[in-house]
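> Kindly return the folded structure for what I paste below:
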Amino acid sequence: MEDCGKNKKNELENLYKYCDTKAAKAILLNSTIRFSHPSFFNDPYDAVPPHDVINGDEKLSKDFLNELANNNTVMNSFSQNNLVKIKQEIKEGTYSDLNKAKKNITYECLSKIYESMGILCLSEKKDNILMWSHYADSHKGLVIAFNSNSYLFRSAIRVNYVKSRISLDPNQIFSNINNPNDNTCKKALDVFFSTKYIDWQYENELRIIKDIKSKCSDEPINEFDIIGVYLGCNMNILDEIFFINIIKTKFPSIKIYKAYTVINSFSLNFYEIACERLISLK
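Okay, here's the model as predicted:
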């Protein structure tokens, strides 16, 4: 397991959310931002528990299983369909394949965590042309800059990009069974749920992970969370006017910028929109 410290965000001032106009309206009109379950994401491997679990020697496996057998919180979370036999064997001490039992238990518990997980995906860059194309409706949407030091966003962790799927160590996942203050489990889960295949590296992603009770959860934000808004270079004029008016009404201190393509390079420039009053649609 890699050191989770590598995943912590370095002192980034802003975190950026790429949005199409529909998502942007929901954020700005409702003053909320959505945490979504990974099953909605465009990466089929995102946060899905791997089957590769570190075995360890037989004595450690036996001690591990005995600890679990005496922990009602963990045991009661097991699926009645998948692990009822293993659960009984652990209590009776009759299990035949220690490592298989440990692997199945770890996978089952991770699957439970996965079911109630919500993730907010952000980026450290506002000028990634591919990100604008993929997540901001081909530059017709916008990017919202959030204050990385505000309460909601300061827990963001950096995504780690790898070539091979990682293995999980059950002893780390269940490290806080007898010691609730042991954060080894949280560190291990953070590493796992913030690891993606290297082809996604262009996203420069940071994410915030939290437990949610449904497939999505809209969390409140305030005007101090938002630093600025960047309108896409292909945004139509009516949408521009709409967003300028909404921002000037609800978040008057926030700066608004417009993206423009650059003649002699594949890049974007951003110019502040100086607008002191609301714009009429007439």
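> all contacts plus neighbour counts: C-alpha atoms, from now on.
Fine.
> Pull out the buried residues from the helix or strand containing residue 243.
Residue 243 is part of helix 237-250 when elements are defined by DSSP states H and E. Neighbour counts using 16 or more other C-alpha atoms under 10 Å place 240, 243-248 of helix 237-250 among the buried residues.
> Please apply the same query to stretch 121-136.
Under the neighbour-count rule (16+ other C-alpha under 10 Å), stretch 121-136 has 121-129, 131-133, 135-136 buried.
> Restrict it to CA atoms and write it as CSV.
Coordinates of each C-alpha in stretch 121-136 appear next as CSV, following Å, rounded to 0.1, in the frame of the first residue of the first chain:
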residue,chain,number,x,y,z
CYS,A,121,-14.6,15.5,-8.5
LEU,A,122,-12.4,18.6,-8.9
SER,A,123,-9.3,19.6,-10.8
GLU,A,124,-6.3,21.7,-10.0
LYS,A,125,-6.4,23.3,-13.5
LYS,A,126,-8.9,25.6,-15.1
ASP,A,127,-7.4,25.7,-18.6
ASN,A,128,-7.3,22.0,-19.7
ILE,A,129,-8.8,22.0,-23.2
LEU,A,130,-9.7,18.3,-22.9
MET,A,131,-11.5,18.9,-19.6
TRP,A,132,-13.4,21.8,-21.1
SER,A,133,-14.4,19.5,-24.0
HIS,A,134,-15.4,16.4,-21.9
TYR,A,135,-17.0,18.0,-18.8
ALA,A,136,-18.0,21.5,-19.8
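> which residues sit against it?
With C-alpha atoms under 8 Å, 6 or more residues apart in numbering as the contact definition, stretch 121-136 has outside contacts at 12, 14-21, 138-139, 141-143, 145, 203-208, 232, 267-268.
> could you give me the average pLDDT of it?
Stretch 121-136 shows a mean pLDDT of 97.
> pLDDT below threshold where in the stretch 151-282 of the chain?
Applying pLDDT under 70 to the stretch 151-282 of the chain flags residues 170-185, 275-282.
> repeat that for 90
Along the stretch 151-282 of the chain, the parts satisfying pLDDT under 90 run over 164-193, 210-216, 222-224, 251-253, 274-282.
> got any ranges where the stretch 1-150 of the chain has weak pLDDT?
The low-confidence ranges in the stretch 1-150 of the chain, as defined by pLDDT under 90, are 1-13, 37-39, 44-117.
> name the helices or strands packed onto the host helix or strand of residue 228?
Using DSSP H and E, residue 228 falls within strand 226-231. With contacts defined as 3 or more C-alpha pairs under 8 Å, 6 or more residues apart in numbering; DSSP states H and E, the packing partners of strand 226-231 are strand 142-147, strand 255-261.
> And the first one, what's buried?
Spelled out, that is strand 142-147. Of the residues in strand 142-147, those with enough neighbours to count as buried (16+ other C-alpha under 10 Å) are 142-147.
> helices and strands around that strand, which ones?
Contacts defined by 3+ C-alpha pairs under 8 Å, 6+ apart place strand 142-147 against strand 14-19, strand 226-231.
> tell me, how many neighbours does residue 267 end up with?
Residue 267: 13 surrounding residues under other C-alpha atoms under 10 Å.
> typed the wrong thing, it's residue 163
Other residues near residue 163 number 9, with proximity taken as other C-alpha under 10 Å.
> My understanding was that it contacts residue 197; is that so?
Yes. Using C-alpha atoms under 8 Å, residue 163 is in contact with residue 197, at 5.8 Å.
> Now the common contact residues for the two.
Counting by C-alpha under 8 Å, 6+ apart, residue 163 and residue 197 have no shared contacts at all.
> Next up, phi/psi of residue 215, please.
Per-residue torsions, residue 215: phi -70, psi -10 (degrees, to the nearest 10).
> what's around it, how many residues?
Residues near residue 215, counting by other C-alpha under 10 Å: 15.
> mind checking how far it is from residue 209?
As for residue 215, its distance to residue 209 is 13 Å (criterion: C-alpha to C-alpha, to the nearest Å).
> Please apply the same query to residue 269.
Applying C-alpha to C-alpha to residue 269 and residue 209 gives a distance of 32 Å.
> Over to residue 239?
Looking at residue 239 against residue 209, where the rule is C-alpha to C-alpha, the gap reads 31 Å.
> Next SSE downstream of the longest helix along the chain?
As far as residue count goes, and with DSSP state H defining each element, the longest helix of the chain is helix 98-115. Using DSSP H and E, the helix or strand that directly follows helix 98-115 along the chain is strand 117-123.
> Cool, thanks, signing off.
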